[in-house]
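Visitor: Just a sequence and a predicted model for now, questions to come.
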Amino acid sequence: MRFCRLVLLVLSLVSSVYAFQPAVSFFPRDTMIVNAWYRRAQASLHENVRKSDDLINRAWKTSIDLAYDQGIADGYYYTGCVYDRKGERNVAKRYFERAVSLYVEGRFLTNLPDAYRKLGVIYMAERRYYAAFEHFLNGMRAAERKGDVRDQVELSLELADYHNTVSKDYNEARATLEGAERLIKEKGYVLALGPLYLQYGVAFARQRDYETALRYCRMAQQHAGDFREAGDHLRFSALLVEAEVHEKTQDTARLGGVLNQLLPMLATMKDPQLEARYEFLKTAQCYFQRDYEQVLARCDELRLRFADEGKEQWSGNWQALRLLQAKALYVLGDRDRADQLLDEYEYTKDSLYSAQYIGQGREMSESYKLEKFERQIKEQELRLSNTSYQRRGLLAGIVVLLVILLILYVHFREKDRLAHRVALKNSEISVQNEILKQANKQNELLLREIHHRVKNNLQIISSLLSLQSRKSSNKELIAMMQESSSRINSIALIHTKLYQQQSLNQLDIQDYIEQLGIHLLSVYNVGKKDIQFYVDANGVSLDIDTAIPLGLILTELMTNSLKYAFTDRPDGDIYVQVHHRQEKEYQLVFKDNGVGIPDEKLKQTEGTLGVRLIHSLTRQLGGNLQYTFGEFSKYTIHFKG
C-alpha cells in the first residue's frame, strides 16, 4: 500500500508541474460584488447610460483581475447593451458576438439567450436573415436549458416576427405564438401580452383574416399601457397594422381615422421603417379618395426622400408606392409613363428577390468557410497539444520509472531488516502467549475454587436452617425454613454445576433443571406419589446472572406444584420447557396437570411471598409472566439473557 501511494503521489506531482499552470483563485464575495455592479448598470441603462458604462467598466476590470470568466463574458455583453442603447449597432454586434462565444465556451447561461436575441435583431436590421434566424433558434435552445420563461417568450416573439416579415410562413408564426402564449399563462408573464397580440395581428392580417387581425390589434393597444418607453411604440405599431387592414379592405373612413390617431405620434417614433409604412398608407388614402394628383405629388416627394435616406427602410413600401403611382397615371391617362413604371416595378421586384436570396446564399457560403477555417485551426491545435502531451508523457514516464527503481532498491534493503524484526516479535509474542496461558489456568482454578467454596457455604446455611427447623414445633415456621433451604439449594446447585463443568460462565440448563427437580421431589413428595418430571431445554445455556433468578423461579413453581397441585391424586406430570426464541430472548413454560388455581383464589395468592418472589425475579430478568388454566395449569415467562 505504501508503495502504491508513493507512486501515485509522484505521478500527481509530475503531472501538476508539467501539465498545468497555477490558477488564480477568487472569493465568492468578490464575484457577488461584480454581479451587483452589473445589475445596477442594467437597471440604470435606460435612464443614465454614462453611469451604466462606468459601472460596467469597473466590474469588467475587476473580473479580469480576478480571472472571473463569467464576469469577463458579462463585460462584453453589457458593453454591447450600452452601444446598442446608443444606436451604434455595428460596435454592439462585435461585443455581443464575443460575449456569445465566451458564454458558450464557459457554459454560462445567465445572459446567453438575450445575447443571441440581440444579435438576431441586429442581423435582421442588416438583412442577414439566415444568421438572424440561426441566432434566434440558438437563443431559444439556451433559454430552454436555462428554464427562463421571459427569455423563451421574447425569443418566440422574435421568431414570429421573422416568419411574419421574412419567411412569410404565417402558420409557423402562429404556432410559435401559441407556444409563447401557453408559457405566459402558466408563468404569469403578462408584460409580453402586448407584443404577442401585435404579432398575432400581423399574422392574421397577412393571411387575410382581417376581423381576427383587428381584434388582436385592439388587444395589443389595451396592453400598451403596461410598458413605459415601449408603450407608444407598441401602440403605434398596432395602429399601423390596423390601418394596413383597412387599406387592404379599402375602408377609407376607418383608414383616415387611424391615420389621424397616428399623426401626432409620428414625430416621437424616430423609426424610419414605421414612418415609411405611415407615408405609404397616407398615399393609399389619397388614392382611395381619388385625389390622383396628390398621389403623384406625394410619390415625387417620397422619391427624393428615398434617394436621401436609402433603400433599407423603404424597400417594401417603395414598390407599393410605385404601383400606386402607376395606377394614378393610368387613371389620369398617362399610359406611357404608367407602363414604364410597371416595367421598372417588375424589374426591381425581381432584383430585390434575387438580391435577397443571393445575399442569403453568400451569407451561408461565408458561414461555411468560417466554420471550415475554425475546424482547421482546432485540428492544428489538437495536433500540437497531442505532441506536447506525448513529450510530457515520455518525461513523466522516465521520472516514474526512476522513482520505481529507487523504491524497489529501498524496499529490498528494508525487507531483510523487517524479516529479522518480525522474527524477534514472533518469539516475544510466543513467550507472552505461554505466560498468559499459565495465568489463565491459574485463574480458572481460582474461580472453580470460589464456586466450590460458595457451594459449601450455601450448603452450611441450608444445614443450619434444617437444624433450626428441627428444634421448632411450629409447622408454619418449619415450612418457611424448608422453603428457604430449597431456595438456597437451588443457588448452590448452580455453583456446583459451574465448578464441575468445563465452562465457568455458561450453565447447561437441561442438566441443572433435572438435578433441581430431583432435589425438590425428594423434599416435597412426602406421600411417595407417582410424579413424573419432564424437562425440554436441550442446547440452552445461560450465564450465572440469568441462571440464579431462573432457578429461584423454578424452585417456587415446582414447590407450589408438589405441595398443592396433586393433593387429591396419586400421580401427576410436571413439564418444564426452556427455548431460545431469538438473540438474548428466551421462553420458559412450566405446566402441570394438577388441580390448578381457581379464579377466586388466584387473586388471594398474589400477596404470598412465593408469588411476589416470582414476579420480582421475572422483572429482574426483564420479562413478563402469563398464567393460564385449562388442560394444564400453565405459567409462561418470556425473559432476556
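Guide: Structure's in. What do you need?
Visitor: longest single strand anywhere in the chain?
Guide: Taking DSSP state E as the criterion, the chain has its longest strand at strand 571-582.
Visitor: pLDDT score for the closest residue to Leu45 other than its chain neighbours?
Guide: Nearest non-adjacent residue to Leu45, counting by CB to CB, 6 or more residues apart in numbering: Ser52, 4.6 Å away. Placement of C-beta: from N, CA and C, glycine included. Note on Ser52: pLDDT of 88.
Visitor: my guess is Ser52 meets Tyr38, correct?
Guide: No - the criterion here is CB atoms under 8 Å, and Ser52 misses it with Tyr38 at 9.6 Å.
Visitor: Quickly list what's touching both of these two.
Guide: Tyr78 (CB atoms under 8 Å, 6 or more residues apart in numbering).
Visitor: quick one on the thing from earlier: got the contact list for the residue nearest to Leu45?
Guide: Neighbouring residues of Ser52 by CB under 8 Å, 6+ apart: Ala41, Gln42, Ser44, Leu45, Tyr78, Val82.
Visitor: switch the cut-off to 6 Å
Guide: The contact partners of Ser52, by CB atoms under 6 Å, 6 or more residues apart in numbering, come to Ala41, Ser44, Leu45.
Visitor: In helices, which of those residues fall?
Guide: Among those, the members falling in helices (DSSP state H) are Ala41.
Visitor: Tabulate the contacts of Ser52 (TSV), appending pLDDT, neighbour count and distance to Gln620.
Guide: Shown next, in TSV, are the contacts of Ser52 (pLDDT from 0 to 100; neighbours: other CB atoms under 10 Å; distance: CB to CB, whole Å):
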residue	pLDDT	neighbour count	distance to Gln620
Ala41	87	26	80
Ser44	87	16	82
Leu45	84	19	83
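Visitor: Just put the contacts of Ser52 in a markdown table and tack on distance to Phe533.
Guide: Formatted as a markdown table, the contacts of Ser52 follow (distance: CB to CB, whole Å):
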| residue | distance to Phe533 |
| --- | --- |
| Ala41 | 99 |
| Ser44 | 102 |
| Leu45 | 102 |
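Visitor: now, among the contacts of Ser52, which is nearest to Asn138?
Guide: Lowest distance from Asn138 to the contacts of Ser52 (CB to CB) belongs to Leu45, with 23.8 Å.
Visitor: List phi and psi for the closest one.
Guide: The phi/psi pair for Leu45 (degrees, to the nearest 10) reads phi -60, psi -40.
Visitor: returning to that earlier point: can you name every helix or strand that the longest strand of the chain contacts?
Guide: Contacting strand 571-582 under the criterion 3 or more CB pairs under 6 Å, 6 or more residues apart in numbering; DSSP states H and E are the following elements: strand 530-536, strand 585-592.
Visitor: what element comes up after the strand or helix carrying the residue nearest to Leu45 heading to the C-terminus?
Guide: Counting by DSSP states H and E, the element that carries Ser52 is helix 49-66. Using DSSP H and E, the helix or strand that follows helix 49-66 in sequence is helix 69-86.
Visitor: relative to helix 69-86, how tilted is the helix or strand following that next one?
Guide: For helix 69-86, the following helix or strand on the C-terminal side (DSSP H and E) is helix 89-106. Interaxial angle of helix 89-106 relative to helix 69-86 (axes from the mean of the first three to the mean of the last three CA atoms, to 10 degrees): 160 degrees.
Visitor: what packs against the strand or helix carrying Leu266?
Guide: Here Leu266, judged by DSSP H and E, is contained in helix 252-269. Secondary-structure packing of helix 252-269 (3+ CB pairs under 6 Å, 6+ apart): helix 230-249, helix 272-288.
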